[in-house]
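In: need coordinates for the following:
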Amino acid sequence: MAEFTMPSLGADMDEGTLVEWLVSPGDTVAKGDVVAVVETAKSTIEVECFDSGTVGTLLVRPGTIVPVGAPMAVIGPAAEPSAHTVAQQPAGPAPGPHPASVRAAAPADEVVSTPLVRHLAQKNDIDLSTVHGSGKGGRITRADVERTASRPPLRVQASPLARRLAQSLDVDLGRVRGTGRNGTVRADDVRAAAGRAPRTLGRRPPAAGAPATPRDRPSVRTGPSAPSTREPAARSAISALMTRANRDIPHYYLSTTIDLAAATTWMLNRNANSPVGERLVPAALLLKSVALAARQVPELNGHWTDDEFVPANEVRLGVAVSLRGGGLAAPALANADSMLLPELMETLRDLVSRARRGRLRASETADPTLTVTNLGDQGVETVFGVIYPPQVALVGLGCVIEHPVAVDGMLTVHPTVTATLSADHRASDGATGARFLTALDRLLQRPEEL
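Out: Sure, this is the predicted structure:
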């Protein structure tokens, strides 16, 4: 038996709210399958299973606030499907068995899919046996289900309190018109849809029959104590982490201006001979160069742990993303230094899109080794960031501007970018930081090698 526990999804995370289960007792799961959706102060994240086996008891029901490390479910050994797959499950809104149309295929014809895909198919009333899988070995992917449904992902943007209220009042969030920012459904919208007048702040007693906290852990709590909107909670989490970072990390700062004439010329020539979907933007070249520079100067790629620097075995490039509901997320591009530029572009586009829709996966938020903040699209020329602990460096990139430069004794105008480095003086010195920025400049002068 193994326990599925609330994972740590960032250095500033102490607890998370279980939004929904994507599996039921008796489901077979493999390591890496998405089994639950968890909401943190910053974003909503799809959480993967750490073990392979059969889902046993679900210890926590949706709407419960769970501290990092607390058990949420029991994963038992994999077993052959049988009629006896029922396990004890808390009363409440945890999902029931999947429809027969999704699960009743004979073993020889069993559809290869993940719990997340089966869950989406159930919501869309799709028979997976009729879906053509485009994944490896005919595996049905999330995109296959969404394409079959011919509509965008079903998750409604709503505050945590609105979700819990909708569950208790039996209101379908998909039918509620949101009046919050970007159409987010608020608690008052749910009350209005249920025919109840908005109320003042107060505590709602727990629902009858609600299960006891697993193992009598008083720290696992539900509902009203959670923030009513994500933005204040996100700002509070960022405030606490950045305050600690500024207090505990002795920062030093370096800056350089990089001539992008060679990189821009190479990129434009490449784009002219490439399909629209494979054309590059300057951000792709900049991020790839940062990742390669991190590999060349490993003293800045890693974490400060237990009063010493621990270099990372790979480059997991965190990319700061501003969220539509407020706050920031920094999902990681794994092995960014070895990605081809078109692959990096596509991965980055997908990562930013899902971050803003609240559909990141836990593995994409775990342990970035170096973070980049790029405010070029906001017109900012120079940005000095605060290091995200336990990392030891942060790279800031501004907008690309036309700037006078001297070339062979002649004054001309070239596209340039200002790159900055915020680094932890405990892990490195200014000379190391200078080597990093020099490597970054050198890489961008040879874009054909990226």
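
In: tell me where the stretch 1-150 of the chain has helices.
Out: For the stretch 1-150 of the chain, the helices defined by DSSP state H, counting those that start in this stretch occupy 100-103, 115-124, 142-149.

In: run the chain-centre distance for the second one.
Out: Translated: helix 115-124. Centroid separation between helix 115-124 and its chain, computed with C-alpha atoms, centre = their mean, to the nearest Å, is 20 Å.

In: for it, packing partners?
Out: With contacts defined as 3 or more C-beta pairs under 8 Å, 6 or more residues apart in numbering; DSSP states H and E, helix 115-124 has these neighbours: strand 34-39, helix 100-103, helix 142-149. In this view, the C-beta of every residue, glycine as well, is placed from N, C-alpha and C.

In: circling back: out of the helices of the stretch 1-150 of the chain, nearest to residue 240?
Out: Of all the helices of the stretch 1-150 of the chain, helix 115-124 sits nearest to residue 240, with 31.4 Å by C-beta to C-beta.

In: follow-up on the earlier one: out of the helices and strands packed on helix 115-124, which gets the lowest mean score?
Out: For the helices and strands packed on helix 115-124, mean pLDDT drops lowest on helix 100-103, to a mean of 35.

In: returning to what we had before: most neighbours per residue, which of the helices of the stretch 1-150 of the chain?
Out: Burial of the helices of the stretch 1-150 of the chain is given as mean neighbour count (mean count of other C-beta atoms under 10 Å); helix 115-124 ranks first at a mean of 22.

In: between strand 34-39 and that helix, find me the angle.
Out: 80 degrees (axes from the mean of the first three to the mean of the last three C-alpha atoms, to 10 degrees).

In: of the helices of the stretch 1-150 of the chain, which approaches residue 306 most closely?
Out: Residue 306 lies closest to helix 115-124 among the helices of the stretch 1-150 of the chain, at 35.9 Å (C-beta to C-beta).

In: by how many degrees do that closest one and helix 142-149 diverge?
Out: Angle, helix 115-124 to helix 142-149, by the same axes, to 10 degrees: 10 degrees.

In: same question for helix 115-124, mean pLDDT?
Out: In this model, helix 115-124 carries a mean pLDDT of 75.

In: could you do stretch 237-249 as well?
Out: For stretch 237-249, mean pLDDT rounds to 87.

In: still on that earlier bit, nearest to residue 450, out of the helices of the stretch 1-150 of the chain?
Out: Nearest to residue 450 among those is helix 142-149 (28.3 Å), distances taken as C-beta to C-beta.

In: in PDB, list the C-alpha atoms belonging to that closest one.
Out: What follows is helix 142-149 as a C-alpha-only set of coordinates in PDB (Å, rounded to 0.1, in the frame of the first residue of the first chain):
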ATOM      1  CA  ARG A 142      -6.700  14.900 -23.700                       C
ATOM      2  CA  ALA A 143      -6.600  16.700 -27.000                       C
ATOM      3  CA  ASP A 144      -8.400  13.700 -28.700                       C
ATOM      4  CA  VAL A 145     -11.300  14.000 -26.200                       C
ATOM      5  CA  GLU A 146     -11.500  17.800 -26.500                       C
ATOM      6  CA  ARG A 147     -11.500  17.500 -30.300                       C
ATOM      7  CA  THR A 148     -14.300  15.000 -30.100                       C
ATOM      8  CA  ALA A 149     -16.300  17.100 -27.800                       C
END
